[in-house]
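1. Here's a sequence, model it:
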Amino acid sequence: MLESYLNILVVFGLVFTGYWLSHHQMFDEKTIGLFSKLVLTVALPFNMFLNMTEKFNREEFLSLFQGMLLPAVSIIVTFIVSIIYAKITRVPMNRRGVFQTMFTASNTIFMGLPINLAIFGEVSVPYVLLYYICNTTFFWTMGIYLISSDSQDPTIEKVKMTPIGVFKLLMSPAMLGFIIGLIWMLLELPEFAVLTKYATHLSGLTTPLSMFVIGMILYQTGIKNLRMTKDTMGILLGRYVISPLIVILLSYIIKVPDMMLKVFIIQAAMPAQNSMPIIAEQYKADVEFTTTTQAYTFIVYLFVIPLLIFLVN
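-> Residues are numbered from 1 along each chain as shown. As a prediction, the model looks like this:
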């Protein structure tokens with residue numbers, strides 16, 4: 001459990017660094033845009049590629065492939081619940097896309113992988129990545145579509161769920177890195193040391209820059225303006241109660257090994273995707289709400305971890 005808390009402290013440390021540097025006028029609004037573009041077009045694609053090529057092998061992936069059914073179905077069901085919840089609680093239309101995406105998609109690698117390692121050890125890694133594949137596919141297709149639909153800026157091109165629109169989503173830098181990594185792993189293409197080292201350096205920028213952006217936006221928003229709203233409460237309920245509960249209930253229908261189920265429960269109850277504020281900034285969605293809620297998902301997770309450990313054990 002101590003390792004899990006230390007991982008959360010790393011998150012807060014990086015966010016605070018972004019906030020502190022903004023306070024000292026080293027970062028400004030232009031820096032937010034610059035870092036966002038760096039993450040989305042350079043760092044994140046290499047991060048996606050390495051996640052597939054370094055943490056999976058073809059034989060292991062194919063042997064576990066059927067295990068993807070439970071996380072895939074649970075994410076779809078959670079998304080449907082988010083739509084119903086948003087309508088019942090009257091989430092404003094200009095933030096419904098962000099709300100439904102944060103309600104459904106979790107932070108499966110930066111938070112999920114180290115915390116599962118701390119609880120279960122190396123045996124959990126393949127199952128972590130199965131959930132990651134389903135979660136990533138949802139986030140970078142339907143999630144991006146939903147977030148773009150919140151945009152109130154007429155100059156921003158919204159994503160359309162047409163064949164051309166879906167193709168553009170699949171050809172986005174992040175999704176392209178994921179797809180190339182998946183194909184590379186399945187074809188068992190050889191590893192090139194120079195390419196791997198280059199990709200590793202760029203991939204390493206993903207987390208610190210993403211957390212810096214959250215810290216910068218928090219500074220621009222003002223800590224005093226962070227308020228707990230009913231919509232933020234709804235996302236916390238979705239992340240930490242509804243999402244893992246759906247996995248548990250579906251496990252009675254879709255049978256999986258005990259360890260796989262435990263990992264899926266932990267993965268389903270992670271904070272929201274750390275790329276959310278960056279994507280909201282890119283599409284000019286409700287950045288203030290997104291950043292505030294992202295911060296709360298990190299804070300509340302400190303109290304959720306012990307309950308999760310007790311639940312899975």
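2. how much space between the residue nearest the centre of the chain and residue 135?
-> Closest to where the C-alpha atoms of the chain average out (C-alpha atoms, centre = their mean) is residue 273, at 2.5 Å. Going from residue 273 to residue 135 by C-beta to C-beta, to the nearest Å gives 8 Å. Backbone N, C-alpha and C define where each C-beta goes, glycine included.
3. which residues are common contacts for those two?
-> 105-106 (C-beta atoms under 8 Å, 6 or more residues apart in numbering).
4. Per-residue pLDDT of residue 219, please?
-> For residue 219, the pLDDT comes out at 82.
5. And for residue 230?
-> Residue-level confidence at residue 230 comes out at 94, pLDDT.
6. show me what contacts the closest residue to it other than its chain neighbours?
-> Among residues not flanking residue 230 along the chain, residue 89 sits closest, at 6.3 Å (C-beta to C-beta, 6 or more residues apart in numbering). Residues near residue 89 by C-beta under 8 Å, 6+ apart: 230-231, 234.
7. Is it possible to mark the buried ones in the residues you listed?
-> Neighbour counting by 16 or more other C-beta atoms under 10 Å classes 231, 234 among the contacts of residue 89 as buried.
8. just the contacts of residue 89 now: which is nearest residue 220?
-> residue 231 (20.1 Å; C-beta to C-beta).
9. correct me, but that closest one touches residue 98?
-> No - using C-beta atoms under 8 Å, residue 231 is not in contact with residue 98, being 9.2 Å away.
10. Name the residues contacting each of these two.
-> In contact with both residue 231 and residue 98: residue 289, using C-beta under 8 Å, 6+ apart.
11. so residue 216 makes contact with residue 32?
-> Yes - at 5.1 Å, residue 216 counts as touching residue 32 under the criterion of C-beta under 8 Å.
12. Run through the residues that contact the nearest residue to the residue nearest to the centre of the chain once chain neighbours are set aside.
-> Excluding the flanking residues, the one nearest residue 273 by C-beta to C-beta, 6+ apart is residue 105, at 5.1 Å. Applying C-beta under 8 Å, 6+ apart to residue 105 gives the contacts 75, 135, 138-139, 143, 272-273.
13. ok, now how distant is residue 105 from residue 99?
-> Distance from residue 105 to residue 99, by C-beta to C-beta: 12 Å.
14. Overlap of the contact sets of the two?
-> Contacts common to residue 105 and residue 99, judged by C-beta under 8 Å, 6+ apart, are absent.
15. doesn't residue 177 make contact with residue 47?
-> Yes - between residue 47 and residue 177 there is a contact under C-beta under 8 Å: 7.2 Å.
16. circling back: now intersect the contacts of residue 89 with the helices, please.
-> Among these, the members found in helices (DSSP state H) are 230-231, 234.
17. from these, which is closest to residue 61?
-> residue 234 (35.1 Å).
18. Tell me the pLDDT of the closest one.
-> Looking at residue 234, its pLDDT is 96.
19. repeat for residue 225
-> Among the per-residue scores, residue 225 shows a pLDDT of 67.
20. Next: residue 210.
-> Predicted confidence (pLDDT) for residue 210: 81.
21. Which element, helix or strand, includes it?
-> Assigned by DSSP states H and E, residue 210 belongs to helix 206-221.
22. Any idea how far that helix is from the middle of the chain?
-> Offset of helix 206-221 from its chain centre (C-alpha atoms, centre = their mean, to the nearest Å): 15 Å.
23. Kindly report the same for stretch 80-88.
-> For stretch 80-88, the separation from the chain centroid amounts to 20 Å (computed by C-alpha atoms, centre = their mean).
24. which other residues reach that stretch?
-> 91, 96, 99-100, 103-104, 234, 238, 242, 246.
25. let's see 7 Å
-> Residues outside stretch 80-88 that contact it (C-beta atoms under 7 Å, 6 or more residues apart in numbering) are 96, 99-100, 103-104, 234, 238, 242.
26. what's the burial count for residue 59?
-> Neighbour count for residue 59, taken as other C-beta atoms under 10 Å: 9.
27. Quick check: phi and psi on it?
-> Torsion angles at residue 59 (phi, psi; degrees, to the nearest 10) stand at phi -60, psi -40.
28. Against residue 191, how distant is it?
-> From residue 59 across to residue 191, the span is 16 Å (C-beta to C-beta).
29. in this structure, which segments are predicted with low confidence?
-> Where the chain drops to pLDDT under 70, the residues are 1-5, 7, 223-225.
30. which helix is the longest one in it?
-> Longest helix of the chain, by residue count under DSSP H: helix 287-312.
31. how near is residue 248 to residue 132?
-> On the measure of C-beta to C-beta, residue 248 and residue 132 end up 19 Å apart.
32. The two: who's more crowded?
-> Using other C-beta under 10 Å, the more surrounded residue of residue 248 and residue 132 is residue 132, with 23 against 14.
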